[in-house]
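# here is a sequence together with a model predicted from it:
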Amino acid sequence: MPATVTVAPTAYGKVRGAEIADGVLSWRGIPYAAPPLGGLRLRPPAAPEPWSGVRDALAYGNRAPQPELPGPHEPLPPAAEDCLYLNVTAPAGAAGRPVLFWLHGGGFAAGSGPDHTGDGAAFARSHGLVVVTVNYRLGALGFLDVPAERPTGAHGLHDQVAALRWTRQNIAAFGGDPDQITAYGGSAGGKSVTHLLASPLARGMIARAAESSGGDHVADPAQARDISERFFRALGTAPETIRDVPAADILAAQLAVADPARSTWTWRPSVDGAALTADPLTAIAGGAAAGVPLLLQTCARETALFQLTAPDAGAQADRVLAGYFGPARAAELLASYAAAYPELDETELRGVAVMTDERYVMRTERLADAQSAHAPVWRSRYDGPYAGLTGAASPVFARYAHLLQGAHGADVAGIWLGGEGLSGVMHDAWGAFATAADPGWARYEPGRRDAMVFAPDGPRLTADPFAHARRAWAGLDWQPGSWWR
């Protein structure tokens, strides 16, 4: 029986992986760009330096600098500014297989490539997929708008483009087909998929796209300027010296701008004129991602997670909506929710129903409408329990699982790991989409808007389950803020 081949060539040198399970190979910690240190800090990524010989690719690369999780959790790779690494998992002997390119969530401020996905072996086994997971720069190091510099404010998005380009150039050596890349992300990673679909730098590199709890989320010039001013005040130095400051001081200033419980929507890309040249939904409505099939899922009670971690979330709704639309229109909007959901108390109404639609559902619905003019779109909603409960934060989440039915992130581990019930059904749907561009239910059409609802008692195709949200927010335009002051 021939030995399993675990050495793969790349454009920069050979890498040695390992067989992590019967018939599944993995390569970890492959550099897709040069370390963004010194003069490369807060600049678009540069190509990695080539190496001679064979480089071991047996351990995950550094995570981007980020706040550390409290309490007990599984060991994580170190956090360091040298963080531009990706991982590849493939079936042994694969050739020309579809590729699933994963972008992790974490509010553009936390996380790393293997989050929720683990090693990706489940999809390699079940659907023969080659899986790529990516680290990218986060927080200030990824999304700080530095005055007088261009491009600026979207370096984490430039990293994602660089990782996608590396995948196009090298994935055939790992058994993947560079013309069959499905970009998939959750939360901030889902929003990143929207941004890549809109980006001229990523055009032609994505064959299919999928999002869990995505939509779009960019900073307008006023927001980017405000965060920059607050950051440099906290840092106590001028923009001109930003590349001389220790990374630990940058993270400390980032945390001074917004603590982790309330920083979920603080950091995000700017329209920098390079990675993004227009508002993402405007670009996509204009055909920026024409021909790219798109699968969009949101959760029924997305922001139950944020109401749990920051209990004052619902109390912000009146102020946030009044800031967008004025007090009278905000009151009308809240009254429409009270009438539609009479069973909800004030906290659940404002902190879950309203916040979920404003943060996730309406951004996703408008994305679905924008792309459906140019390519097939499928829509779904997850109403089930928090799937998997694996990974660094699992002990924390497990304690509150009963409060997190249909909450933000509840679907992603199930999609990746499969198993019984809804997790297995979703795993097969996402695998079918990545291999054949069809998850197996009716497309989203503006005239009907069917969506698959993954309910606790089983999946069911539903006609327009987001009708109330779309009517309530019809004709309203707003630039999302951070929700908290």
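Happy to help now that I have it.

# stretch 305-314: end-to-end distance?
Its start and end residues considered, stretch 305-314 measures 12 Å (C-alpha to C-alpha, to the nearest Å).

# what of stretch 6-22?
Per C-alpha to C-alpha, the first residue of stretch 6-22 is 13 Å away from its last.

# one more: stretch 85-103?
So stretch 85-103: terminal residues 12 Å apart, C-alpha to C-alpha.

# average pLDDT across that stretch?
For stretch 85-103, mean pLDDT rounds to 98.

# check which residues of the host helix or strand of Asp428 are buried.
Taking DSSP states H and E as the definition, one finds Asp428 inside helix 421-436. Neighbour-count burial for helix 421-436 flags 422-423, 425-431, 433-435 (criterion: 16 or more other C-beta atoms under 10 Å). Bear in mind the C-beta positions are built from the backbone N, C-alpha and C, glycine included.

# quick one: name whatever helix or strand follows that helix.
Next along from helix 421-436, by DSSP H and E: strand 450-455.

# alpha carbons only: can I get that following strand in CSV?
The C-alpha trace of strand 450-455 is given here as CSV (Å, rounded to 0.1, in the frame of the first residue of the first chain):
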residue,chain,number,x,y,z
ASP,A,450,-39.1,31.3,0.0
ALA,A,451,-36.7,30.4,2.8
MET,A,452,-35.8,27.1,4.5
VAL,A,453,-36.5,27.3,8.2
PHE,A,454,-34.4,24.9,10.3
ALA,A,455,-36.8,24.5,13.2
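
# domain map for this protein?
1-278, 293-485 (automatic domain parsing).

# so who does Tyr32 touch?
45, 48, 84-86, 134, 162-163, 166 (C-beta atoms under 8 Å, 6 or more residues apart in numbering).

# rerun that using 10 Å as the cut-off
10, 12, 45, 47-48, 61, 84-86, 132, 134-136, 159, 162-167, 169-170 (C-beta atoms under 10 Å, 6 or more residues apart in numbering).

# buried only: go through these for me.
10, 12, 45, 48, 61, 84-86, 132, 134-136, 159, 162-167, 170.

# need the single longest strand in this structure, by residues.
Counting by DSSP state E, the longest strand found in the chain is strand 176-186.

# partner strands of that one, with direction?
strand 97-103 (parallel), strand 208-212 (parallel) (DSSP bridges).

# closest to Ala121 out of these?
strand 97-103 (12.0 Å; C-beta to C-beta).

# now the angle between helix 421-436 and the closest one, please.
120 degrees (axes from the mean of the first three to the mean of the last three C-alpha atoms, to 10 degrees).

# C-alpha coordinates for whatever helix or strand comes next after strand 97-103, CSV please?
Once strand 97-103 ends, the next helix or strand along the chain (criterion: DSSP H and E) is helix 121-127. Coordinates of each C-alpha in helix 121-127 appear next as CSV, following Å, rounded to 0.1, in the frame of the first residue of the first chain:
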residue,chain,number,x,y,z
ALA,A,121,-12.3,16.9,8.4
ALA,A,122,-16.1,16.4,8.5
PHE,A,123,-16.5,18.1,5.1
ALA,A,124,-13.4,16.4,3.7
ARG,A,125,-15.0,13.0,4.6
SER,A,126,-18.6,13.7,3.7
HIS,A,127,-18.3,15.7,0.5
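
# buried stuff in helix 121-127?
Counting neighbours by 16+ other C-beta under 10 Å, helix 121-127 gives 121-125, 127 as buried.

# would you map the strands across this structure?
Under DSSP E, the chain gives strands at 7-10, 13-16, 18-21, 24-31, 54-56, 85-91, 97-103, 130-134, 176-186, 208-212, 294-299, 377-382, 450-455, 458-463.
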